[in-house]
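1. Could you work out the structure for the sequence below:
(chains A, B, C and D)
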There are 2 protein chains.
Amino acid sequence: MRSSRSYRQACSLALALDLVGERWTLLIIRQLWTGPKRFKNLLADLPGMGTNLLAARLKKLEREGIIQRRSLPPPAGVRTYELTERGLGLEAVILALGKWGLPLLGGRSQQYAYRPSYVAAGMRVTFRPEATRGVRETYEYAIGDEVFHVRVHGGGCDIRQGPAEHPAFRLKADAKTLLALAKGELRFDRALSAGQVEFKGDRKALGRSHAIFQL
Amino acid sequence: MRSSRSYRQACSLALALDLVGERWTLLIIRQLWTGPKRFKNLLADLPGMGTNLLAARLKKLEREGIIQRRSLPPPAGVRTYELTERGLGLEAVILALGKWGLPLLGGRSQQYAYRPSYVAAGMRVTFRPEATRGVRETYEYAIGDEVFHVRVHGGGCDIRQGPAEHPAFRLKADAKTLLALAKGELRFDRALSAGQVEFKGDRKALGRSHAIFQL
DNA sequence: CGGAATCCTCTTCGATACTG
DNA sequence: CAGTATCGAAGAGGATTCCG
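-> The predicted structure is shown next:
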């Protein structure tokens, strides 16, 4: 129990890896990035992870002050997990790793899991602040039955689960299609006429979003 | 063999972790950061890692194009490992993780390994470009029998193994002492008069270096 | 001598079954 | 639904041996 494997090196990198370098841990952080999640939500988007292991990781992360457990007020009363300030500090790590991994997207993608939450995380990774000059708007994406929205404002972007108030457009597609669009393997007009995408809103805003989130 | 555990997620973060998320891997990259290393060099600074495991990791990293093996010309003829361009691209990852881990330096440091190479990596992590305005000089550090130098120039810094040509100062101490100095737990004058540090060169430059590499 | 291969033990992982 | 218990499989760690 006590002996969670440690590198025992007086080096900040090794100490960081002692906390978040274990298998699955950074992927849990990625899932919590867009807001609080329940145990089953996490499990659903981390295929292959056992319930015991997820419970153990969550316990350790809570003990280290990286996430916190919160119980919603009754009658909901459900337990959720969310990042603390300290946990949010891992954003730079996830961004760096995600950017480094971008060229790897595209290999034998057949037997890989495609989830809406991966797309949401991917958008944050591909976000280019320098392409937002003056842009201040919100985009809504519906992937399967999961909806999230992206708010672009003055060099930053927020990605949150749930629908948006007044989005410049609403776009509906599945995760695979959206990834193919982002990679430029599929043209939007073609996807639209093939019925793979539903689009409602400002076409100009779609063009801007393509420039802002670019692989 | 083939089945090196993969997350199988169509997400750039997960794909990156499939390559460099395994135990020890990022620490190997850290070690190669200051230049080519031999097998035994790596082993010496990664206490607890077995020869078989190091060999396996190196093989995988070479296969993935992150490091490359090079044989020096005869008569030396020794094999070394060094980062490729792709491997160098992991710098942002190590910097982000290292910065996030800085507050962890300082706990029960007693039973931890202290190595010169950790100090060198730490300096890169704590480097603050904004504090270098107009500074263009080199500092040399001798820790035990290992020497490395830091070249600061126009917003960047290079850290390499070996002595420097014309350093602004040469400083000799052990890793533990240097870390205590960096953390501000030990005053330089006190360390100097206690004989824990040998210093030769420009005291003003030492002051600048403190501002440039700051925890 | 560097480093790859072998063995053995221990820990961690992954999947499923079970419980409050 | 949120976890705990369990167990076979894979990986890690340490020592030793083999090969160039």
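
2. Model confidence for the residue in chain A that DNA strand C sits nearest to, exactly?
-> Using Cβ to the nearest atom of the strand, A:Gly50 is the residue of chain A that sits closest to DNA strand C, at 2.9 Å. Backbone N, C-alpha and C define where each C-beta goes, glycine included. The model reports A:Gly50 with a pLDDT of 92.

3. do A:Gly107 as well
-> In this model, A:Gly107 is scored at 65, pLDDT.

4. same deal with A:Ser3?
-> pLDDT, A:Ser3: 55.

5. Distance check, the residue of chain A closest to DNA strand C against chain B.
-> Distance check for A:Gly50 against chain B: by Cβ to the nearest Cβ, to the nearest Å, it reads 13 Å.

6. next one: A:Ala56
-> 16 Å.

7. looking at this, that residue is in a helix?
-> Yes: counting by DSSP: H, G, I helix; E, B strand; the rest coil, A:Ala56 is part of a helix.

8. neighbours around the residue of chain A closest to DNA strand C, how many?
-> 11 (other Cβ atoms under 10 Å in any protein chain shown).

9. So what does it have for phi and psi?
-> Torsion angles at A:Gly50 (phi, psi; degrees, to the nearest 10) stand at phi -80, psi 160.

10. What mean pLDDT does the strand or helix carrying A:Lys176 get?
-> Using DSSP states H and E, A:Lys176 maps to helix A:175-182. The predicted model gives helix A:175-182 an average pLDDT of 89.

11. Just the residues contacting it, thanks.
-> A:105, A:109, A:114-116, A:118-119, A:122, A:126, A:141, A:143-144, A:173, A:186, A:188, A:191, A:196-197, A:213, A:215, B:10 (Cβ atoms under 8 Å, 6 or more residues apart in numbering or on different chains).

12. just the buried members of those residues?
-> Neighbour counting by 16 or more other Cβ atoms under 10 Å in any protein chain shown classes A:105, A:114-116, A:118-119, A:122, A:126, A:141, A:143, A:173, A:186, A:188, A:191, A:196-197, A:213, B:10 among the contacts of helix A:175-182 as buried.

13. taking those residues one by one, which sit in strands?
-> Mapping these onto strands (DSSP state E) picks out A:Tyr141, A:Ile143, A:Ala173.

14. show me what contacts the last one?
-> With contact taken as Cβ under 8 Å, 6+ apart, A:Ala173 is in contact with A:Tyr141, A:Ala142, A:Ile143, A:Leu181, A:Ala191, A:Gln196, A:Val197, A:Glu198.

15. before we move on, what about A:Arg30?
-> A:Ile94, A:Ser117, A:Ala121, B:Cys11, B:Leu13.

16. And those residues, which two are furthest apart?
-> With Cβ to Cβ as the measure, no two of these lie farther apart than A:Ile94 and A:Ser117, at 13.0 Å.

17. Buried by neighbour count: which residues of stretch A:67-87 qualify?
-> Burial within stretch A:67-87, assessed by neighbour count using 16+ other Cβ under 10 Å, is assigned to A:Ile67, A:Thr80, A:Tyr81, A:Leu83, A:Arg86, A:Gly87.

18. make that stretch A:120-138, sorry
-> Quick answer for stretch A:120-138 (16+ other Cβ under 10 Å): A:120-127, A:131-132, A:135, A:137-138.

19. Is any residue of it near chain B?
-> Yes: contact of stretch A:120-138 with chain B (Cβ under 8 Å from any Cβ of the partner chain) involves A:Ala121, A:Gly122, A:Val125.
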